[in-house]
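Visitor: Requesting a structural model of the entry that follows:
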Amino acid sequence: MAERQQLRLQVIGLIRAGHSASSAARTIGVPLATAKRWAKLFHENNEVSNRAIPGRPRISTREEDAILVTEAENHPFRSAFELKMASNFPGSPLTARRRLRERGIRSRRTATKEHLKIEHIVDRLAYATIRQDFDWRNVIFSDEVVVSSSNYGPPRVYRIDGHRYDERFVARLYKSGRVSVACWGWMSYDGAGTLERIHGRFTVDTYEHILTNVMIPSAREWYPEGRLHFQQDNHPVHTAIRIQEWFTRRPDIELLEWPPYAPDMNPIENVWARVKGILRSNWAEAPPRTSDELWDRLLNAWEEVATDVDLFHNLVDSMPRRMRAVVNAGSLWTKY
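Guide: Have a look, this model is predicted:
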(Lines give C-alpha, C1' and ligand atoms only; values in the text may rest on other atoms or scores of the structure.)
Protein backbone atom coordinates (compact mmCIF):
# COMPACT_ATOMS: atom_id res chain seq x y z
CA MET A 1 0.00 0.00 0.00
CA ALA A 2 2.83 2.41 0.88
CA GLU A 3 4.51 1.69 -2.47
CA ARG A 4 1.29 2.48 -4.37
CA GLN A 5 0.89 5.73 -2.44
CA GLN A 6 4.43 6.68 -3.45
CA LEU A 7 3.55 6.11 -7.11
CA ARG A 8 0.50 8.38 -6.74
CA LEU A 9 2.65 11.15 -5.31
CA GLN A 10 5.18 10.80 -8.14
CA VAL A 11 2.51 10.92 -10.85
CA ILE A 12 0.77 13.93 -9.30
CA GLY A 13 4.10 15.67 -8.82
CA LEU A 14 4.96 15.30 -12.50
CA ILE A 15 1.53 16.54 -13.59
CA ARG A 16 1.82 19.56 -11.28
CA ALA A 17 5.24 20.22 -12.84
CA GLY A 18 3.65 20.48 -16.31
CA HIS A 19 3.75 16.90 -17.60
CA SER A 20 0.72 15.44 -19.29
CA ALA A 21 -1.02 12.48 -17.72
CA SER A 22 0.29 10.19 -20.47
CA SER A 23 3.85 11.44 -19.98
CA ALA A 24 3.63 10.95 -16.21
CA ALA A 25 2.17 7.48 -16.67
CA ARG A 26 5.00 6.44 -19.01
CA THR A 27 7.66 7.90 -16.75
CA ILE A 28 6.43 6.25 -13.56
CA GLY A 29 5.25 3.04 -15.24
CA VAL A 30 1.55 2.99 -14.42
CA PRO A 31 -1.49 2.66 -16.72
CA LEU A 32 -2.69 5.89 -18.31
CA ALA A 33 -6.20 5.41 -16.90
CA THR A 34 -4.74 5.14 -13.41
CA ALA A 35 -2.69 8.31 -13.84
CA LYS A 36 -5.78 10.21 -15.10
CA ARG A 37 -7.87 8.97 -12.17
CA TRP A 38 -5.22 10.08 -9.66
CA ALA A 39 -4.91 13.48 -11.36
CA LYS A 40 -8.69 13.98 -11.33
CA LEU A 41 -8.90 13.01 -7.67
CA PHE A 42 -6.22 15.55 -6.79
CA HIS A 43 -7.70 18.41 -8.86
CA GLU A 44 -11.27 17.88 -7.63
CA ASN A 45 -10.66 17.12 -3.97
CA ASN A 46 -6.98 17.97 -3.33
CA GLU A 47 -6.52 14.35 -2.20
CA VAL A 48 -3.80 11.84 -3.11
CA SER A 49 -5.61 8.70 -1.98
CA ASN A 50 -8.95 7.17 -2.86
CA ARG A 51 -11.86 8.04 -0.67
CA ALA A 52 -12.99 5.33 1.66
CA ILE A 53 -15.90 3.52 0.11
CA PRO A 54 -18.61 2.94 2.67
CA GLY A 55 -19.44 -0.74 3.04
CA ARG A 56 -21.60 -2.93 5.23
CA PRO A 57 -20.75 -2.30 8.90
CA ARG A 58 -19.02 -5.04 10.84
CA ILE A 59 -21.48 -7.26 12.59
CA SER A 60 -19.30 -7.55 15.68
CA THR A 61 -17.60 -5.03 17.92
CA ARG A 62 -13.95 -5.16 18.93
CA GLU A 63 -14.99 -6.32 22.38
CA GLU A 64 -17.00 -9.20 20.91
CA ASP A 65 -14.06 -10.12 18.67
CA ALA A 66 -11.77 -10.13 21.70
CA ILE A 67 -14.11 -12.45 23.61
CA LEU A 68 -14.14 -14.84 20.63
CA VAL A 69 -10.34 -14.83 20.43
CA THR A 70 -10.02 -15.48 24.16
CA GLU A 71 -12.44 -18.40 23.87
CA ALA A 72 -10.37 -19.88 21.01
CA GLU A 73 -7.14 -19.49 22.99
CA ASN A 74 -8.67 -21.18 26.03
CA HIS A 75 -10.41 -23.95 24.06
CA PRO A 76 -8.39 -24.52 20.86
CA PHE A 77 -10.05 -27.85 20.00
CA ARG A 78 -13.54 -26.40 19.71
CA SER A 79 -15.11 -25.87 16.30
CA ALA A 80 -15.97 -22.41 14.96
CA PHE A 81 -19.64 -23.10 15.75
CA GLU A 82 -18.81 -24.10 19.34
CA LEU A 83 -16.61 -21.02 19.79
CA LYS A 84 -19.37 -18.79 18.40
CA MET A 85 -21.94 -20.23 20.81
CA ALA A 86 -19.65 -20.19 23.86
CA SER A 87 -18.61 -16.56 23.29
CA ASN A 88 -22.06 -15.29 22.18
CA PHE A 89 -20.44 -14.03 18.98
CA PRO A 90 -23.16 -12.29 16.89
CA GLY A 91 -21.91 -13.45 13.49
CA SER A 92 -22.01 -16.79 11.71
CA PRO A 93 -19.35 -19.52 12.20
CA LEU A 94 -17.83 -18.36 8.89
CA THR A 95 -17.53 -14.80 10.21
CA ALA A 96 -16.09 -16.16 13.45
CA ARG A 97 -13.39 -17.95 11.44
CA ARG A 98 -12.64 -14.69 9.60
CA ARG A 99 -12.26 -12.80 12.87
CA LEU A 100 -9.90 -15.46 14.19
CA ARG A 101 -7.84 -15.35 10.97
CA GLU A 102 -7.49 -11.59 11.45
CA ARG A 103 -5.71 -12.40 14.72
CA GLY A 104 -3.53 -15.07 13.08
CA ILE A 105 -5.55 -17.99 14.47
CA ARG A 106 -6.35 -20.59 11.82
CA SER A 107 -7.70 -24.11 11.81
CA ARG A 108 -4.81 -26.54 11.28
CA ARG A 109 -4.27 -30.27 11.23
CA THR A 110 -3.61 -31.37 14.80
CA ALA A 111 -0.19 -32.68 15.77
CA THR A 112 -0.68 -36.02 17.54
CA LYS A 113 1.72 -37.23 20.20
CA GLU A 114 1.50 -39.96 22.80
CA HIS A 115 0.44 -38.92 26.28
CA LEU A 116 3.41 -38.45 28.61
CA LYS A 117 3.03 -39.72 32.16
CA ILE A 118 4.84 -37.94 34.96
CA GLU A 119 7.55 -40.63 35.12
CA HIS A 120 8.18 -40.20 31.37
CA ILE A 121 8.47 -36.44 31.79
CA VAL A 122 10.96 -36.83 34.64
CA ASP A 123 13.10 -39.33 32.72
CA ARG A 124 13.11 -37.27 29.53
CA LEU A 125 14.08 -34.12 31.39
CA ALA A 126 16.90 -35.81 33.30
CA TYR A 127 18.33 -37.36 30.16
CA ALA A 128 18.14 -34.16 28.09
CA THR A 129 19.75 -32.16 30.89
CA ILE A 130 22.88 -34.31 31.11
CA ARG A 131 23.22 -34.93 27.36
CA GLN A 132 23.23 -31.36 26.05
CA ASP A 133 27.00 -31.36 25.48
CA PHE A 134 27.38 -34.99 24.42
CA ASP A 135 29.35 -35.82 21.23
CA TRP A 136 26.61 -37.33 19.06
CA ARG A 137 28.76 -37.63 15.93
CA ASN A 138 30.02 -41.03 17.12
CA VAL A 139 26.57 -42.55 17.68
CA ILE A 140 24.71 -45.09 15.56
CA PHE A 141 20.96 -44.32 15.76
CA SER A 142 18.60 -47.22 15.07
CA ASP A 143 14.88 -47.85 14.83
CA GLU A 144 12.16 -50.03 13.35
CA VAL A 145 9.31 -48.77 11.22
CA VAL A 146 6.26 -50.20 9.46
CA VAL A 147 5.48 -48.66 6.07
CA SER A 148 2.00 -49.24 4.68
CA SER A 149 0.42 -48.38 1.37
CA SER A 150 -2.49 -46.87 3.33
CA ASN A 151 -0.36 -44.74 5.66
CA TYR A 152 -0.91 -41.51 3.87
CA GLY A 153 -4.64 -41.08 3.23
CA PRO A 154 -6.05 -39.55 0.05
CA PRO A 155 -3.50 -37.34 -1.71
CA ARG A 156 -4.15 -33.64 -2.22
CA VAL A 157 -4.65 -32.27 -5.71
CA TYR A 158 -4.76 -28.74 -7.13
CA ARG A 159 -7.74 -28.27 -9.44
CA ILE A 160 -10.49 -25.80 -10.30
CA ASP A 161 -14.05 -26.16 -9.02
CA GLY A 162 -16.42 -28.48 -10.81
CA HIS A 163 -13.78 -30.96 -11.98
CA ARG A 164 -13.51 -33.28 -8.96
CA TYR A 165 -14.13 -36.41 -11.00
CA ASP A 166 -12.09 -35.55 -14.09
CA GLU A 167 -9.83 -38.50 -14.93
CA ARG A 168 -6.61 -36.57 -14.35
CA PHE A 169 -7.72 -35.44 -10.88
CA VAL A 170 -8.84 -38.85 -9.55
CA ALA A 171 -6.45 -40.98 -7.47
CA ARG A 172 -6.73 -44.65 -8.37
CA LEU A 173 -7.43 -47.36 -5.82
CA TYR A 174 -6.54 -50.96 -6.57
CA LYS A 175 -8.25 -54.18 -5.54
CA SER A 176 -5.03 -55.52 -4.04
CA GLY A 177 -5.77 -53.54 -0.86
CA ARG A 178 -3.30 -52.49 1.79
CA VAL A 179 0.22 -53.89 1.85
CA SER A 180 2.78 -53.31 4.59
CA VAL A 181 6.48 -53.83 5.18
CA ALA A 182 8.36 -53.72 8.47
CA CYS A 183 12.05 -52.91 8.50
CA TRP A 184 14.98 -51.95 10.72
CA GLY A 185 17.57 -49.34 9.84
CA TRP A 186 20.37 -47.26 11.24
CA MET A 187 22.02 -43.92 10.54
CA SER A 188 24.90 -41.87 11.84
CA TYR A 189 26.56 -38.54 11.18
CA ASP A 190 28.23 -40.05 8.11
CA GLY A 191 25.04 -41.22 6.41
CA ALA A 192 22.40 -43.95 6.16
CA GLY A 193 23.36 -47.46 7.19
CA THR A 194 21.83 -50.76 6.16
CA LEU A 195 18.08 -51.21 5.83
CA GLU A 196 16.88 -54.70 6.81
CA ARG A 197 13.45 -56.12 6.09
CA ILE A 198 11.60 -57.78 8.99
CA HIS A 199 9.48 -60.78 8.04
CA GLY A 200 6.71 -61.72 10.41
CA ARG A 201 6.71 -60.66 14.05
CA PHE A 202 9.58 -58.66 15.50
CA THR A 203 11.00 -61.01 18.13
CA VAL A 204 14.13 -61.37 20.25
CA ASP A 205 15.43 -63.94 17.74
CA THR A 206 14.87 -61.48 14.88
CA TYR A 207 16.59 -58.63 16.68
CA GLU A 208 19.58 -60.72 17.77
CA HIS A 209 20.00 -61.81 14.16
CA ILE A 210 19.89 -58.18 13.00
CA LEU A 211 22.44 -57.06 15.59
CA THR A 212 24.83 -59.91 14.81
CA ASN A 213 24.49 -60.25 11.05
CA VAL A 214 23.39 -56.79 9.90
CA MET A 215 24.32 -54.07 12.36
CA ILE A 216 27.83 -55.21 13.28
CA PRO A 217 29.07 -56.01 9.74
CA SER A 218 27.58 -52.89 8.15
CA ALA A 219 28.73 -50.56 10.94
CA ARG A 220 32.25 -52.01 10.84
CA GLU A 221 32.44 -51.27 7.13
CA TRP A 222 32.10 -47.60 8.04
CA TYR A 223 33.90 -47.69 11.38
CA PRO A 224 36.47 -50.52 11.25
CA GLU A 225 38.22 -49.48 14.45
CA GLY A 226 37.24 -48.25 17.86
CA ARG A 227 34.20 -48.67 20.03
CA LEU A 228 30.74 -48.35 18.50
CA HIS A 229 28.23 -46.17 20.34
CA PHE A 230 24.80 -47.66 19.71
CA GLN A 231 21.35 -46.16 20.36
CA GLN A 232 18.07 -48.05 20.53
CA ASP A 233 14.72 -47.16 22.08
CA ASN A 234 12.91 -48.98 24.87
CA HIS A 235 10.94 -51.44 22.77
CA PRO A 236 10.30 -54.61 24.85
CA VAL A 237 12.39 -56.64 22.40
CA HIS A 238 15.32 -54.24 22.84
CA THR A 239 15.19 -54.47 26.62
CA ALA A 240 14.80 -58.25 26.76
CA ILE A 241 17.32 -60.02 29.01
CA ARG A 242 18.80 -61.97 26.10
CA ILE A 243 19.48 -58.77 24.15
CA GLN A 244 21.03 -57.11 27.18
CA GLU A 245 23.27 -60.16 27.61
CA TRP A 246 24.23 -59.89 23.93
CA PHE A 247 25.51 -56.35 24.50
CA THR A 248 27.34 -57.48 27.66
CA ARG A 249 29.28 -59.97 25.53
CA ARG A 250 30.27 -57.19 23.12
CA PRO A 251 32.69 -54.84 24.91
CA ASP A 252 33.38 -53.16 21.56
CA ILE A 253 29.85 -51.73 21.63
CA GLU A 254 28.67 -49.12 24.09
CA LEU A 255 24.89 -49.24 24.45
CA LEU A 256 23.61 -45.77 25.24
CA GLU A 257 20.88 -45.27 27.78
CA TRP A 258 17.74 -43.88 26.18
CA PRO A 259 14.68 -42.36 27.85
CA PRO A 260 11.15 -43.66 27.24
CA TYR A 261 8.88 -41.91 24.76
CA ALA A 262 11.64 -39.96 23.04
CA PRO A 263 11.06 -40.03 19.26
CA ASP A 264 11.65 -36.27 19.14
CA MET A 265 15.19 -36.94 20.37
CA ASN A 266 15.97 -39.54 17.71
CA PRO A 267 17.05 -38.05 14.35
CA ILE A 268 16.30 -41.26 12.46
CA GLU A 269 12.61 -40.35 12.79
CA ASN A 270 13.30 -37.48 10.40
CA VAL A 271 14.93 -39.91 7.98
CA TRP A 272 11.83 -42.11 8.04
CA ALA A 273 9.72 -39.03 7.33
CA ARG A 274 11.90 -38.14 4.33
CA VAL A 275 11.68 -41.71 3.00
CA LYS A 276 7.88 -41.77 3.37
CA GLY A 277 7.68 -38.42 1.60
CA ILE A 278 9.48 -39.90 -1.41
CA LEU A 279 7.13 -42.88 -1.42
CA ARG A 280 4.09 -40.62 -1.14
CA SER A 281 5.20 -38.54 -4.14
CA ASN A 282 4.22 -41.34 -6.54
CA TRP A 283 1.55 -43.07 -4.45
CA ALA A 284 -1.45 -41.70 -6.38
CA GLU A 285 -0.08 -42.72 -9.78
CA ALA A 286 0.68 -46.35 -8.96
CA PRO A 287 0.50 -47.60 -5.36
CA PRO A 288 2.31 -50.88 -4.70
CA ARG A 289 0.23 -54.00 -5.14
CA THR A 290 2.43 -56.41 -3.19
CA SER A 291 4.67 -56.19 -0.14
CA ASP A 292 7.66 -57.11 -2.31
CA GLU A 293 6.94 -54.19 -4.62
CA LEU A 294 6.61 -51.91 -1.59
CA TRP A 295 9.94 -53.18 -0.24
CA ASP A 296 11.67 -52.45 -3.54
CA ARG A 297 10.32 -48.90 -3.49
CA LEU A 298 11.29 -48.50 0.13
CA LEU A 299 14.86 -49.56 -0.63
CA ASN A 300 15.05 -47.11 -3.54
CA ALA A 301 13.73 -44.29 -1.36
CA TRP A 302 16.23 -45.15 1.40
CA GLU A 303 19.08 -45.11 -1.11
CA GLU A 304 17.90 -41.78 -2.50
CA VAL A 305 17.88 -40.23 0.96
CA ALA A 306 21.31 -41.74 1.64
CA THR A 307 22.84 -39.54 -1.07
CA ASP A 308 22.01 -36.40 0.93
CA VAL A 309 25.01 -36.42 3.28
CA ASP A 310 24.23 -32.88 4.46
CA LEU A 311 20.91 -34.18 5.80
CA PHE A 312 22.67 -36.55 8.19
CA HIS A 313 25.20 -33.93 9.23
CA ASN A 314 22.40 -31.49 10.04
CA LEU A 315 20.28 -34.07 11.85
CA VAL A 316 23.06 -35.27 14.14
CA ASP A 317 24.31 -31.73 14.74
CA SER A 318 20.76 -30.87 15.84
CA MET A 319 21.03 -33.22 18.83
CA PRO A 320 22.24 -30.56 21.32
CA ARG A 321 19.37 -28.32 20.18
CA ARG A 322 16.92 -31.19 20.63
CA MET A 323 18.12 -31.72 24.18
CA ARG A 324 17.86 -28.02 24.99
CA ALA A 325 14.38 -27.93 23.44
CA VAL A 326 13.24 -30.74 25.74
CA VAL A 327 14.66 -28.90 28.75
CA ASN A 328 13.10 -25.59 27.70
CA ALA A 329 9.73 -27.30 27.12
CA GLY A 330 9.76 -28.78 30.59
CA SER A 331 10.20 -32.24 29.03
CA LEU A 332 6.97 -31.98 27.03
CA TRP A 333 6.91 -32.68 23.29
CA THR A 334 9.06 -30.48 21.09
CA LYS A 335 8.91 -29.48 17.42
CA TYR A 336 11.38 -32.23 16.55
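Visitor: For the rest of this, base every contact and every neighbour count on C-alpha atoms.
Guide: OK.
Visitor: which stretches of the stretch 101-250 of the chain aren't confidently modelled?
Guide: Scanning the stretch 101-250 of the chain with the threshold set as pLDDT under 70 gives 109-114, 150-177.
Visitor: Which residue ranges of it form helices?
Guide: 118-130, 204-210, 216-222, 241-248 (DSSP state H, counting those that start in this stretch).
Visitor: From the chain's centroid, how far away is the second one?
Guide: Computed by CA atoms, centre = their mean, to the nearest Å, the chain-centroid distance of helix 204-210 equals 33 Å.
Visitor: Enumerate the positions of it that are buried.
Guide: 204, 207, 208, 210 (16 or more other CA atoms under 10 Å).
Visitor: same question, the first one
Guide: Along helix 118-130, the positions that meet the burial threshold by neighbour count (16+ other CA under 10 Å) are 120, 121, 123, 124, 125, 127, 128, 129.
Visitor: With the last one instead?
Guide: If you call a residue buried by 16+ other CA under 10 Å, then helix 241-248 has these buried ones: 243, 247.
Visitor: Outside of it itself, list whatever touches it.
Guide: 204, 208, 237, 238, 253, 254, 255 (CA atoms under 8 Å, 6 or more residues apart in numbering).
Visitor: swap in the first one?
Guide: Helix 118-130 is touched from outside by 258, 259, 260, 261, 262, 323, 324, 326, 327, 330, 331, 332, with contacts defined as CA under 8 Å, 6+ apart.
Visitor: Mind giving me the PyMOL command for buried ones among these?
Guide: In PyMOL, a selection of the buried entries from these looks like this (16+ other CA under 10 Å):
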select buried, resi 258+259+260+261+262+323+324+326+327+331+332
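Visitor: Next, format the contacts of helix 118-130 as TSV and append distance to residue 242.
Guide: Shown next, in TSV, are the contacts of helix 118-130 (distance: CA to CA, whole Å):
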residue	distance to residue 242
258	18
259	20
260	20
261	22
262	23
323	30
324	34
326	32
327	33
330	35
331	31
332	32
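Visitor: Take the contacts of helix 118-130 and keep only those in strands.
Guide: Among the contacts of helix 118-130, none falls in strands (DSSP state E).
Visitor: Looks like residue 106 contacts residue 100 (just checking).
Guide: Yes: assessed by CA atoms under 8 Å, residue 106 is found in contact with residue 100 at 6.7 Å.
Visitor: Of all the helices of the stretch 101-250 of the chain, which one comes closest to residue 316?
Guide: helix 118-130 (14.8 Å; CA to CA).
Visitor: show me where the stretch 51-200 of the chain has strands.
Guide: Ranges of strands in the stretch 51-200 of the chain, per DSSP state E, counting those that start in this stretch, are 139-148, 180-188, 191-198.
Visitor: between the longest one and strand 191-198, how many degrees?
Guide: In other words, strand 139-148. 40 degrees (axes from the mean of the first three to the mean of the last three CA atoms, to 10 degrees).
Visitor: before we move on, the earlier item: out of residue 106 and residue 100, which sits in the busier spot?
Guide: A direct count of neighbours by other CA atoms under 10 Å for residue 106 and residue 100 places residue 100 higher, at 20 against 12.
Visitor: Next one: the more buried one from residue 80, what distance?
Guide: Residue 100 sits 9 Å away from residue 80, going by CA to CA, to the nearest Å.
Visitor: so what sits against both of those two?
Guide: With CA under 8 Å, 6+ apart, residue 100 and residue 80 have no common neighbours.
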